[in-house]
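**Student:** Test case, fold it:
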Amino acid sequence: MKAHVYSVDGNPVEEIELPKQFEEEVKEELIRRAVLAEQSRKYQPKGVFKLAGMQTSAEYRGRKEAYGSIKNRGISRLPREKFPKGRFGKVRIVPFSVKGRRAHPPKPEKVLVERINKKEHQKALRSAIAATARKELVAARGHRVDGVKEIPLVVEDRFEELSKTKEVVGCLKALGVEKELERARGKKASGVKGRRRGGSVRAKSLLVVVGNGSKVARAARNIAGVDVKSVSELDVSSLAPGSQAGRLTLWSRRALEELRKV
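**Tutor:** Below is the predicted model:
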C-alpha cells in the first residue's frame, strides 16, 4: 500500500510505501478485546476495613435467663449496644442497621484485569493501525473526512519541528482537517449523573503519531480532541477509542520509518 507525503503547507512532496502493518486484516472483535484488556489494567483494587461496623459493644442476648436479655421486651431480638445495669441501646452490626457492617463489601482480592495473549494483543495493534487507513471505517466513527487530503494522512518530518500550537493548527487546516477540529471543539453532556455535576465529554478527534522526542508533541496536545503519541507509546485504546476502530490519524514520515522497524 502506498501513500503521499504532504508538506506542512498541504502540498504533496513524494509517494512512499507504507509499513506492512497497514496490510493487516481489520478484526474488530479482537480490537474490542484488546481495548477492554488495556482499560482493565487501570483499575485499582479496593476494599473496606475488615472491622468496619464491628467495633461496637453490641451483642445478641436472646436467652430468657441471661442477664440483660431482650426476650419478652416487645422489641426485635437483634444485636444491641450494651449499657450498664443490664440496659441496652440501639441495634448495631447487622447490615440493615445504622452504622452496621456492609453485607457484601468490595473485596481487594477480586480479579480486575482482563487478560489477553501477547500475540493476540500485537495482532490487535496491527489491526487497529490498518483500520486508520480505511476511509469507510474512519467515516463510520463520525470523523469529518470530506476535505481531508488523503487517508492515511502522512506529513513530512518538518512537521515535528513545529513548536507553537498556532503553527500546528495552520498545518492541519492546510491538510484539510479543519472541519474535524471544529467538531471536536464542541462539548457534549455526559451521562445523567455527570450532567448533574456539570460534566461534559469532548469528542476524540485527530491522533497525531510522531517520532520519539518530537517538539510538536507539546504544541499539538493543546488542541481540543487531539492526542499525540510516539510510536513506542502507541496502544490499541488510542487508535480505537471506545473499542471502535478507524480513528483519523496523522502520521509523520519519521514515525512510519520507526514503525517499519517494529
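**Student:** and Arg183, what element?
**Tutor:** helix 178-185 (DSSP states H and E).
**Student:** Now do the same contact list for the residue nearest to Val236 when sequence neighbours are not counted.
**Tutor:** Nearest residue to Val236, sequence neighbours excluded (CB to CB, 6 or more residues apart in numbering): Ala34, at 4.2 Å. C-beta coordinates here come from the backbone N, C-alpha and C atoms, glycine included. If a contact means CB atoms under 8 Å, 6 or more residues apart in numbering, then Ala34 has 116, 120-121, 124-125, 128, 236 as its contacts.
**Student:** Next one: Ala34 from Glu156, what distance?
**Tutor:** 31 Å (CB to CB, to the nearest Å).
**Student:** Thr56 too?
**Tutor:** Thr56 is 71 Å from Glu156, by CB to CB.
**Student:** can you pull out the strands in this structure?
**Tutor:** 2-6, 12-17, 80-82, 88-91, 153-155, 187-189, 200-202, 207-210, 227-230, 249-252 (DSSP state E).
**Student:** OK, contacts around Arg61?
**Tutor:** Contacts of Arg61 by CB under 8 Å, 6+ apart are 67-70, 80, 88.
**Student:** which among these end up buried?
**Tutor:** Among the contacts of Arg61, those scoring as buried are 70, 80, 88 (criterion: 16 or more other CB atoms under 10 Å).
**Student:** How many residues are close by the closest residue in space to Lys82 that isn't next to it in sequence?
**Tutor:** Nearest residue to Lys82, sequence neighbours excluded (CB to CB, 6+ apart): Ser57, at 4.5 Å. By other CB atoms under 10 Å, the residues close to Ser57 number 12.
**Student:** right, and Ser57 touches Pro79 too?
**Tutor:** No - shown here, Ser57 and Pro79 do not form a contact pair, counting by CB atoms under 8 Å, at 9.6 Å.
**Student:** what about the residue of the chain most remote from its centre, distance to Lys71?
**Tutor:** Computed with CA atoms, centre = their mean, the maximum C-alpha offset from the centroid of the chain is found at Glu65, amounting to 61.6 Å. Between Glu65 and Lys71 the computed distance is 9 Å (CB to CB).
**Student:** Ok, Ala131 next?
**Tutor:** Ala131 is 71 Å from Lys71, by CB to CB.
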